[in-house]
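Trainee: Let's see this in three dimensions:
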Amino acid sequence: MSRRNGNPKQRLFFALWPDDAVRSELARLASGGPRGAGRLVPAENLHLTLAFLGHLDAGTRACVEAAADGISAGPFELVFTRLGCWPRPRVLWAGTEDTPAALVELVYALRRGMTGCGLRAETRPYRAHVTLARKTRVPADFHAACEPVRWRADAFDLVESKTLSAGARYRSLQSWPLGGGNARRIT
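Mentor: Numbering: from 1, shown residues only. Okay, the predicted model is just below:
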C-alpha cells in the first residue's frame with residue numbers, strides 16, 4: 001500500500017484468476033517455451049488482466065467494487081492455443097485464437113464502471129492473453145502454436161499488486177461469480 005497526500009492507496013486490477021489445474025498448465029507452457037523466454041512469471045502470479053485500475057484510495061476502491069457488483073455476465077471458456085512475443089514490453093504470452101463474446105462484454109462493462117468512478121479506462125481493443133515471461137529475448141516476430149490449455153472462467157477478481165524486492169506479488173481481494181451470485185470477499 002502506498003501513501004499519496006497522506007491517504008493509503010492500493011495498486012489494483014481486475015483479472016481472471018485461474019484455479020490450480022489451469023495455473024499448472026500455464027506454468028508448463030511457460031517453462032516449455034522458446035529459448036530466450038526471459039524471466040518466467042511465478043506460477044502463483046499467472047492471471048488474465050481484464051482492467052488495470054492503478055493506485056486507488058479506499059473511496060475509489062469502494063466505487064469500482066460497487067460497479068463490479070452491478071455487472072451481470074455469464075461464464076465462458078478460454079482456449080489458449082498460441083504463444084507470441086511483444087517486443088515492447090518484451091513479454092512472452094499465451095493467447096487465444098478467438099476471444100469469447102462474454103469476455104469482451106465483461107471487459108467493456110468493467111471499463112464503463114471505471115469511468116463512472118472517475119478513472120481513465122483503456123481505449124485500445126481488448127486482447128486476451130496471459131503473460132508467461134518478462135524481459136524476453138525471443139524475436140519480436142515469434143508466434144507458435146501450443147498444446148491447448150482450456151480455462152472455464154466462472155468468476156473475476158479484484159487483485160492487489162505489490163512490488164517487492166523479490167518481484168511483484170499479486171493477491172486476490174474479492175471475487176465475483178459469473179452467472180449470478182454475491183461477491184465473495186477474500187481478505
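
Trainee: The chain: helices as residue ranges?
Mentor: 20-31, 58-69, 101-116 (DSSP state H).

Trainee: okay if I get these as JSON lines plus distance to Trp151, mean neighbour count and mean pLDDT?
Mentor: For every residue, glycine as well, the C-beta is placed using N, CA and C. Below are the helices of the chain laid out as JSON lines (distance: least, Cβ to Cβ, whole Å; neighbours: other Cβ atoms under 10 Å; pLDDT from 0 to 100):
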{"stretch": "helix 20-31", "distance to Trp151": "5", "mean neighbour count": "17", "mean pLDDT": "94"}
{"stretch": "helix 58-69", "distance to Trp151": "20", "mean neighbour count": "16", "mean pLDDT": "96"}
{"stretch": "helix 101-116", "distance to Trp151": "11", "mean neighbour count": "18", "mean pLDDT": "96"}
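
Trainee: and Gly70, what does it touch?
Mentor: Each residue near Gly70 by Cβ atoms under 8 Å, 6 or more residues apart in numbering is listed here: Gly113.

Trainee: Can you give me the pLDDT of it?
Mentor: Gly70 is assigned 93 on the pLDDT scale.

Trainee: and what of Arg3?
Mentor: 52.

Trainee: likewise the one 10 residues further on?
Mentor: With respect to pLDDT, Phe13 scores 98.

Trainee: Flag the shaky bits of the protein, pLDDT-wise.
Mentor: Residue ranges of the chain with pLDDT under 70: 1-7, 181-183, 185-187.

Trainee: residue ranges for the strands of it, please.
Mentor: With DSSP state E as the criterion, the chain has strands at 2-4, 7-16, 39-40, 48-56, 76-86, 91-96, 129-134, 143-153, 155-164, 167-177, 184-185.

Trainee: Looking at these, spot the one closest to Leu119.
Mentor: Taking Cβ to Cβ, strand 48-56 is the member of those nearest to Leu119, at 6.3 Å.

Trainee: who are the neighbours of that closest one, in terms of helices and strands?
Mentor: Secondary-structure packing of strand 48-56 (3 or more Cβ pairs under 8 Å, 6 or more residues apart in numbering; DSSP states H and E): strand 7-16, helix 101-116.

Trainee: would CSV of the helices of the chain with distance to Gly84 be doable?
Mentor: Output for those, formatted as CSV (distance: least, Cβ to Cβ, whole Å):
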stretch, distance to Gly84
helix 20-31, 12
helix 58-69, 29
helix 101-116, 18
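
Trainee: Out of those, which is closest to Pro89?
Mentor: Comparing the helices of the chain by Cβ to Cβ, helix 20-31 comes nearest, at 16.3 Å.

Trainee: Tabulate the strands of the chain (JSON lines), appending distance to Leu106.
Mentor: Listed next are these as JSON lines, based on distance: least, Cβ to Cβ, whole Å:
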{"stretch": "strand 2-4", "distance to Leu106": "28"}
{"stretch": "strand 7-16", "distance to Leu106": "9"}
{"stretch": "strand 39-40", "distance to Leu106": "27"}
{"stretch": "strand 48-56", "distance to Leu106": "7"}
{"stretch": "strand 76-86", "distance to Leu106": "8"}
{"stretch": "strand 91-96", "distance to Leu106": "14"}
{"stretch": "strand 129-134", "distance to Leu106": "15"}
{"stretch": "strand 143-153", "distance to Leu106": "9"}
{"stretch": "strand 155-164", "distance to Leu106": "7"}
{"stretch": "strand 167-177", "distance to Leu106": "10"}
{"stretch": "strand 184-185", "distance to Leu106": "17"}
